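Trainee: Compute the structure for the input listed below.
(2 chains)
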Amino acid sequence: MSAIKVPTTTPRGKASFGQALTGQDLSTLTGVLIVLEGSDASGRTTQMNMLTEWLEQKGYAVARTGLTRSVLVGEALDQAKLGNVLSPRTMSLFYATDFYDQLENTIVPALRAGYIVLADRYIFTLMARDLVRGANLEWLESLYAKAIVPDAVFLLNASPANLVDRTLNAHHELDYWESGMDIGLSRDWYDSFVKYQHRVRAEFLRLQRKYHLDTINANHGIKAMQKELRGRIEMVLDRAYHHSPTRPA
Amino acid sequence: MPNHVTTPAAPPPEALPGKLIAVEGLDGSGKSTQIHLLHQWLSGLGCKVFFSEWNSSEIVKEATRKGKKKQMLTPTTFSLIHATDFADRYERQILPMLKGGFLVLCDRYMFTSFARDGVRGCAPDWLRKLYGFARTPDITFYFRLPLEVALGSMLEGRPQLKYFEAGMDMDFSDDIQESFRIFQGRVMENYDEMLTEFGFTQVDATRPIPEQQEHVRDHIQQQIDLACYKQKAKK
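Mentor: Residues are numbered from 1 along each chain as shown, chains lettered A, B, ... in the order given. As a prediction, the model looks like this:
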C-alpha cells in the first residue's frame, strides 16, 4: 500500500495558448491537466479508466472530461450529427463552443480545486478532425487560443490497420463520422475508414511536431501502454508538485 | 499556440455577383424597421433579394435559448454560440445567395459581435480572427442615436429587460437598468470606433423614419446598379 502523497508546494498556475480566457484568472489554478488524444479505438477510454483508478489509489482527486458532453450544446451537437446538415465550419464552431463550455464550467473549477483533470480528448483532436476537412490551421489556432496549456498531452498513436481491426472486433460496425463518410473519400465504408484515419493520423503528427505532444505507441497492448503512461505521468506530477525526494513509505 | 498579433488579411475579395448590405446599431435605433422598409422597396422593384437576421439559425437556436435561460454562458461561449449561428447562416445561405447574384440584407452582422463581445472582454483581435471567414459587407449602415435617446427607446419598449441584453453577466451593477445603461454605452463606443475601421455609412437615427429611409435608398442607388439585380434582367 502506498501512502497518500502530500504536495509540498502546489503547481504554479496555468496559462492559455495565446489569448486570455476572458474573465478567468488562470494563475491561481493549482490542479494538473493531463490530456489523452487519439482516434477512437486507440484505447483512450480504457487507459483513462486505469489511470483514474491508479491516481485515486495514490490519493489524488481526479476529474474527467470528454468532448460533446456539455450541457450547453451537447444535445444540439448530437442532433446535428444525426442530420448532417451543418457545414464543416459550423461544426467546428459548435465543437469549439462545447469545448469552451466544458473548459470554463468543468475543467477550470476542478483545476482551481486542485484536482488532476484527465481530459479524454482536447483541442488537438478537434483540430485534427477539422484540418482533415479543410480547415485553416491559423484560423483553428486563433479559435483555440484561449485554451489552457495542459501539463501533458499524450497522443495515442495507432496504425489505421489496428484501428479498423479493433473497431470491427468491438462494435461489428464502423461509425459514420469516424469513417469520414461526410467527406466522400470512398463509397465503401471500410475503405473510407482506412483512408480517413490515415489523414487524421497525418494531421495529428503535424500537430505533434508543432506542439511537442508526447506520443504513446498505441499499437502496443493495454498493459504496456498503461505502464508507459504511468511512468510519464509520474514525472509530470513530480514536476508539478515538487515532491520531497524521500517519499513516505 | 503562437500569439498572432497582426490581424490576418481579409478573405480574398473575390468579386461576387451579389451584394451584401448590413444594418448595425443599438437595439431601439430603428435599424430593423429600416431594413424591413428597404426589403419592401427592393422587392417592389423586382430585385432578387434575401433577408437574414442575427441569431436566427434553427439548429443553433435551441442551444442559445438554453444557455441564455440558464445564464450559463461565459463571454467566450456567448461569443462562440453566436459565431456558430452566423457561420451556419453564412455558409448555407448568405454566401450561396451572393454567388447566385442576390442582394443580401443582414439585420446585424459580425460587427454586433465585435461591439457586444468586446464589451464582455473578448479581445478585438480574437473576435476579428474568429469571423475572418466572413466577407465585409459592400455597405454597412450604422444607425446612430445619442445614448440617452437610445436608452429611452429601449427601456420604453420593454419593461422587463433581459439578463444578457442588460449585460447583467458583467457585474457592472446589481441594478438591471443601471447595468443596461453602462453596457449599452460601451457597446456604442465600440460601434463608433468601427465607423472608420470598416467604413460604415452613418445614418442619423433621430431623423423621421421616411427621411432615414430616403437616405438609405439614395445611398444604395449610388453604390449599386440595381438594374443588374432585377429578376427578369437579361444577362
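Trainee: Every contact and neighbour count from this point should use C-alpha atoms.
Mentor: OK.
Trainee: Pull the distance from the helix or strand of chain B with the lowest mean pLDDT to the chain's centre.
Mentor: Lowest on mean pLDDT, DSSP states H and E among the helices and strands of chain B sits helix B:58-69, with a mean of 72. Distance, stretch centre to chain centre, for helix B:58-69: 19 Å (CA atoms, centre = their mean, to the nearest Å).
Trainee: Contacts only, for residue 164.
Mentor: Because you didn't say which chain, this covers chain A. Contacts for residue A:164 (CA atoms under 8 Å, 6 or more residues apart in numbering or on different chains) come out as A:190, A:193, A:194.
Trainee: that's the other chain; I wanted chain B
Mentor: By CA under 8 Å, 6+ apart, the contact list for residue B:164 reads residue B:68.
Trainee: Looks to me like it is in a strand.
Mentor: No. Counting by DSSP: H, G, I helix; E, B strand; the rest coil, residue B:164 is not part of a strand but coil.
Trainee: Now do it against residue A:233, distance only.
Mentor: For residue B:164, the distance to residue A:233 (CA to CA, to the nearest Å) stands at 42 Å.
Trainee: Check residue A:30 too.
Mentor: If you measure residue A:30 against residue A:233 using CA to CA, the figure is 16 Å.
Trainee: neighbour count winner among these two?
Mentor: Taking other CA atoms under 10 Å in any protein chain shown, residue A:30 and residue A:233 do not tie; residue A:30 has more neighbours (23 against 18).
Trainee: roughly how far apart are the closest residue to that one other than its chain neighbours and chain B?
Mentor: In space, and not counting its chain neighbours, residue A:30 is closest to residue A:114: 4.8 Å by CA to CA, 6 or more residues apart in numbering or on different chains. According to CA to the nearest CA, to the nearest Å, residue A:114 and chain B sit 22 Å apart.
Trainee: residue contacts, residue A:114?
Mentor: Counting by CA under 8 Å, 6+ apart, residue A:114 touches A:29, A:30, A:31, A:32, A:61.
Trainee: ok, now residue B:136?
Mentor: By CA under 8 Å, 6+ apart, the residues touching residue B:136 are residue B:198.
Trainee: Wasn't it part of a helix?
Mentor: No. According to three-state DSSP, the state of residue B:136 is coil, so it is not within a helix.
Trainee: Quick check: pLDDT value at it.
Mentor: Residue B:136 is assigned a predicted lDDT (pLDDT) of 96.
Trainee: Against which helices or strands is the helix or strand hosting residue B:143 packed?
Mentor: Residue B:143 is part of strand B:139-144 when elements are defined by DSSP states H and E. Secondary-structure packing of strand B:139-144 (3 or more CA pairs under 8 Å, 6 or more residues apart in numbering or on different chains; DSSP states H and E): strand B:19-25, strand B:201-204.
Trainee: Please work out which of those is packed deepest.
Mentor: strand B:19-25 (a mean of 24; mean count of other CA atoms under 10 Å in any protein chain shown).
Trainee: list the buried ones in the next helix or strand after the least confident helix or strand of chain B?
Mentor: Once helix B:58-69 ends, the next helix or strand along the chain (criterion: DSSP H and E) is helix B:75-89. The neighbour-count check on helix B:75-89 (16 or more other CA atoms under 10 Å in any protein chain shown) flags B:75-89 as buried.
Trainee: same deal with stretch B:33-40?
Mentor: B:34, B:35, B:37, B:38, B:39.
Trainee: just curious, which of the residues you listed is nearest to chain A?
Mentor: residue B:35 (26.1 Å; CA to the nearest CA).
Trainee: near chain A, which residues of chain B?
Mentor: With the criterion set to CA under 8 Å from any CA of the partner chain, chain B comes near chain A through B:1-4, B:59-60, B:62-63, B:66-67, B:72-77, B:80-81, B:83-85, B:87-88, B:91-92, B:121-123, B:126, B:129-130, B:132.
Trainee: for the chain, what spans make up the helices?
Mentor: Answering for chain A, as no chain was given. Using DSSP state H, the helices assigned to chain A run over residues A:44-57, A:74-83, A:88-102, A:108-112, A:123-132, A:137-143, A:160-171, A:189-211, A:222-241.
Trainee: could you do chain B instead?
Mentor: Per DSSP H, chain B carries helices over the ranges B:31-44, B:58-69, B:75-89, B:95-99, B:110-119, B:124-130, B:147-157, B:176-197, B:209-223.
Trainee: Alpha carbons of the shortest one, in CSV - could you do that?
Mentor: The reference is to helix B:95-99. Taking C-alpha atoms only, helix B:95-99 is exported to CSV below (Å, rounded to 0.1, in the frame of the first residue of the first chain):
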residue,chain,number,x,y,z
LEU,B,95,-22.6,33.2,-49.4
PRO,B,96,-24.6,31.0,-51.8
MET,B,97,-27.1,33.8,-52.3
LEU,B,98,-24.3,36.2,-53.1
LYS,B,99,-22.8,33.8,-55.5
